[in-house]
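J.: Fold the stuff below for me.
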Amino acid sequence: CDGAVMITASHLPYYYNGLKFFTKEGGCEKEDIEDIIECSNLAEKKCITKGLVETIYFIDVYSNILVDKIQKNVNSKTNYERPLEGTKIIVDAGNGAGGFFVYKVLEKLGANVEGSQFTEPDGNFPNHIPNPENEEAMNSIKEAVLKNKADLGIIFDTDVDRAAIVSSDGKEINKNALIALISSIVLEENPNSIIVTDSVTSTGLSEFITSLGGIHHRFKRGYKNVINESKRLNKEGKLSCLAIETSGHAALKENYFLDDGAYLIAKILIKMAKLKDEGKEISSLIENLKYPKESKDMRINIKREDFKSYGEMIIEGLKKYVDHVNGWNIEPKNYEGIKINCDKENGDGWLLLRLSLHEPVLPLNIESDSENSINKILERLMPFLSKYEDLNLDNFSNIFEVQLKK
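T.: Sure thing, here's the model as predicted:
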């Protein structure tokens, strides 16, 4: 094919449906879309002869590609065609498009898929939002894994460009843990590769990647941002085989840098089958990953129409405010918003305040390696934020509400 179009609203309600465009070179960028619109509006259009309409069950073609890849890479001596035989793997598709993976991939490979749920597409999402970042969605697959005594649980977002997994003991492997898991697989195959992630990944993850011989490169949030940064590094002759966001968007160099959740899971299943022969579980790959003692993600709403200029003003103001806070300093390598490192006595971690691309929101991410230290960070941050009347700070804890009233 010369091109492709996908109709999707991802995990959003169906009335947000939009179009994703692709060429042989990959997904279209903003500039490409502008060119397409400009061409479609030209007064004089070339005469195009009628073409041929051909129906292709593309999901079958795609599923067979995944099945073939897993078979060849596991290369089981005992059962080449069904290398997942003897495993119980369940999927929660959240009534998105991911149900095909149960019957056209896992079953073909010999897995027991009993307990898979919400595999029939329904754009009203009657059970839960299909989103690996959603707490209800993750609880759903976690409960299903434990109830069905499964070896692995898989959850996809609606259009299967994101994914996460749950281990047999009900442990969620998403966000930083998922990045660590796929990084360990990629670095085994491509030593010293640069792993490009978004800006809110943890300190423990960075240490984990470094311990495996990789290079962790944080960049802007947005899956296209991390993908394009990884592509740029490769053009400069610097090997980068993985671009991944904490949201679950993962794009591998070997797969044309497409953010493809099913391909990500295929890579994990290959490694899972190999580890099974060694008597190990997939979670063993990240047993040395250090988790922060505390982490918190908050969204601060901006109550102004010109939210972008207001948000940028706040971020610039925070850069000056940091000079007056003991033990705080601005991270020199940062690509969006402001990231502040906090020493052991003043938070023992970091915070990142940035402006959302599309919404009137300032997302705030905080991580600490000590207990009860996020409150310590917020206590130092609150006097600054409370000066801005058009910020909605209602989501902060009671201690900060008292300060606001004062």
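
J.: going forward, measure contacts and count neighbours with C-alpha atoms only.
T.: Noted.

J.: ranges for the helices of the protein?
T.: Taking DSSP state H, the helices of the chain run over residues 30-40, 58-74, 100-101, 135-148, 176-189, 203-211, 223-235, 261-277, 307-321, 374-385, 398-405.

J.: Out of the ones you listed, flag the one nearest residue 249.
T.: helix 223-235 (6.2 Å; CA to CA).

J.: follow-up on the earlier one: and the helices of the chain as JSON lines, adding mean neighbour count, mean pLDDT and distance to residue 339?
T.: Formatted as JSON lines, the helices of the chain follow (neighbours: other CA atoms under 10 Å; pLDDT from 0 to 100; distance: least, CA to CA, whole Å):
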{"stretch": "helix 30-40", "mean neighbour count": "11", "mean pLDDT": "86", "distance to residue 339": "27"}
{"stretch": "helix 58-74", "mean neighbour count": "16", "mean pLDDT": "96", "distance to residue 339": "39"}
{"stretch": "helix 100-101", "mean neighbour count": "21", "mean pLDDT": "98", "distance to residue 339": "39"}
{"stretch": "helix 135-148", "mean neighbour count": "19", "mean pLDDT": "97", "distance to residue 339": "26"}
{"stretch": "helix 176-189", "mean neighbour count": "21", "mean pLDDT": "98", "distance to residue 339": "18"}
{"stretch": "helix 203-211", "mean neighbour count": "19", "mean pLDDT": "97", "distance to residue 339": "13"}
{"stretch": "helix 223-235", "mean neighbour count": "19", "mean pLDDT": "95", "distance to residue 339": "18"}
{"stretch": "helix 261-277", "mean neighbour count": "19", "mean pLDDT": "96", "distance to residue 339": "29"}
{"stretch": "helix 307-321", "mean neighbour count": "16", "mean pLDDT": "96", "distance to residue 339": "9"}
{"stretch": "helix 374-385", "mean neighbour count": "17", "mean pLDDT": "94", "distance to residue 339": "13"}
{"stretch": "helix 398-405", "mean neighbour count": "12", "mean pLDDT": "45", "distance to residue 339": "22"}
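
J.: among those, which is nearest residue 391?
T.: Here helix 374-385 is closest among the helices of the chain (CA to CA), at 7.7 Å.

J.: contacting residues around that closest one?
T.: Contact with helix 374-385 is made by 294-296, 318, 321, 325, 342, 346-347, 366-368, 391, 400, as judged by CA atoms under 8 Å, 6 or more residues apart in numbering.

J.: one more time with 7 Å
T.: Applying CA atoms under 7 Å, 6 or more residues apart in numbering, the set of residues contacting helix 374-385 from outside is 294, 346, 347, 366, 368.

J.: same deal with stretch 61-74?
T.: Here stretch 61-74 makes contact (CA under 7 Å, 6+ apart) with 80, 81, 83, 104, 105, 109, 266, 270, 273, 274.

J.: how far out from the middle of the chain is it?
T.: When C-alpha coordinates are averaged (CA atoms, centre = their mean, to the nearest Å), stretch 61-74 and its chain have centres 23 Å apart.

J.: Ok, stretch 200-207 next?
T.: Per CA atoms, centre = their mean, the displacement of stretch 200-207 from the mean C-alpha position of its chain is 14 Å.

J.: same deal with stretch 234-250?
T.: Offset of stretch 234-250 from its chain centre (CA atoms, centre = their mean): 12 Å.

J.: can you give me the end-to-end distance of that stretch?
T.: End-to-end span of stretch 234-250 (CA to CA, to the nearest Å): 17 Å.

J.: same thing with stretch 91-111?
T.: Distance between the two ends of stretch 91-111: 11 Å, counting by CA to CA.

J.: So which bits of it are buried?
T.: By neighbour count on 16 or more other CA atoms under 10 Å, the buried set for stretch 91-111 is 91-102, 104-111.

J.: which outside residues touch that stretch?
T.: In contact with stretch 91-111 (CA under 7 Å, 6+ apart) are residues 63, 67, 81-89, 113, 116-123, 125, 127-130, 141, 153-160.

J.: which ones are touching residue 258?
T.: Contacts of residue 258 by CA under 7 Å, 6+ apart are 251, 252.

J.: Give me the pLDDT for it.
T.: Per-residue confidence (pLDDT) for residue 258: 91.

J.: Could you measure from it over to residue 23?
T.: Counting by CA to CA, the gap from residue 258 to residue 23 is 12 Å.

J.: picking up where we left off before, from the contacts of helix 374-385, list the buried ones, please.
T.: Using 16+ other CA under 10 Å as the burial test, these include 346, 347, 366, 368 as buried.

J.: Neighbours of the residue lying closest to residue 345 once chain neighbours are set aside, how many?
T.: Excluding the flanking residues, the one nearest residue 345 by CA to CA, 6 or more residues apart in numbering is residue 327, at 7.3 Å. A count of neighbours around residue 327, defined by other CA atoms under 10 Å, yields 16.

J.: same deal with residue 114?
T.: By other CA under 10 Å, 14 other residues sit near residue 114.

J.: for it, what are its contacts?
T.: So residue 114 contacts residue 90 (CA under 7 Å, 6+ apart).

J.: confidence score at it?
T.: At residue 114, pLDDT is 98.
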